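K.L.:
Structure here, sequence nowhere to be found:
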């Protein structure tokens, strides 16, 4: 956990993970070195994707995409239907993964009551969401 907190701190992200009850964290590491981290705060069928950080030397290598994909897969498998996130710096990254900008008022009440929404992220942060679907479900065709 100290390495995770140090990475979050260096990325200027909240480091309140230890005080969050319904939190699951994934890390990417090799040879004992931490390369990336991501976390999910669960609110029933809604999830708050948070704390995505990648070591500078591992950016643009797909580490962030792999972490998001793993979180989405595991979240879906555990019953999460919708992921929400706040970001000040990675809006285009998340758009490339299918997240869309939404109004904060359209987010579930439990998520709005999270520390992330109430105090940790400024009102200027982009609010984004994605509905999770089964990876094996056929994609809709457009006529």
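P.N.:
Received the coordinates, thanks. Only a predicted model underlies this, so the values are computations on that prediction, with no experimental measurement involved. Numbers count the residues shown, from 1 in each chain.

K.L.:
Only the buried residues of whichever helix in the chain runs longest, if you could.
P.N.:
When the chain is parsed with DSSP state H, its longest helix is helix 63-77. Across helix 63-77, burial judged by 16 or more other CB atoms under 10 Å covers 63, 64, 66, 67, 68, 71, 72, 75, 76. All C-beta spots, glycine's among them, are computed from the backbone N, C-alpha and C.

K.L.:
With pLDDT and distance to residue 115 added, can I get the residues you listed in JSON lines?
P.N.:
JSON lines is the format used below for these (pLDDT from 0 to 100; distance: CB to CB, whole Å):
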{"residue": "63", "pLDDT": "95", "distance to residue 115": "26"}
{"residue": "64", "pLDDT": "95", "distance to residue 115": "23"}
{"residue": "66", "pLDDT": "96", "distance to residue 115": "27"}
{"residue": "67", "pLDDT": "97", "distance to residue 115": "22"}
{"residue": "68", "pLDDT": "97", "distance to residue 115": "21"}
{"residue": "71", "pLDDT": "97", "distance to residue 115": "19"}
{"residue": "72", "pLDDT": "97", "distance to residue 115": "22"}
{"residue": "75", "pLDDT": "96", "distance to residue 115": "19"}
{"residue": "76", "pLDDT": "97", "distance to residue 115": "24"}
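
K.L.:
nearest to residue 95, of the residues you listed?
P.N.:
residue 68 (12.2 Å; CB to CB).

K.L.:
I'd say that closest one and residue 52 touch.
P.N.:
Yes - the criterion here is CB atoms under 8 Å, and residue 68 meets it with residue 52 at 6.8 Å.

K.L.:
got any residues that touch both of the two?
P.N.:
Common neighbours of residue 68 and residue 52 (criterion: CB atoms under 8 Å, 6 or more residues apart in numbering): residue 38.

K.L.:
ok so, going back, what residues does the helix or strand following the longest helix of the chain touch?
P.N.:
Going down the chain from helix 63-77, the next helix or strand is strand 82-87, by DSSP states H and E. For strand 82-87, contacts defined as CB under 8 Å, 6+ apart pick out 40, 45-50, 71-72, 75, 94, 99, 102, 107-108, 111, 116-117, 121, 125-132.
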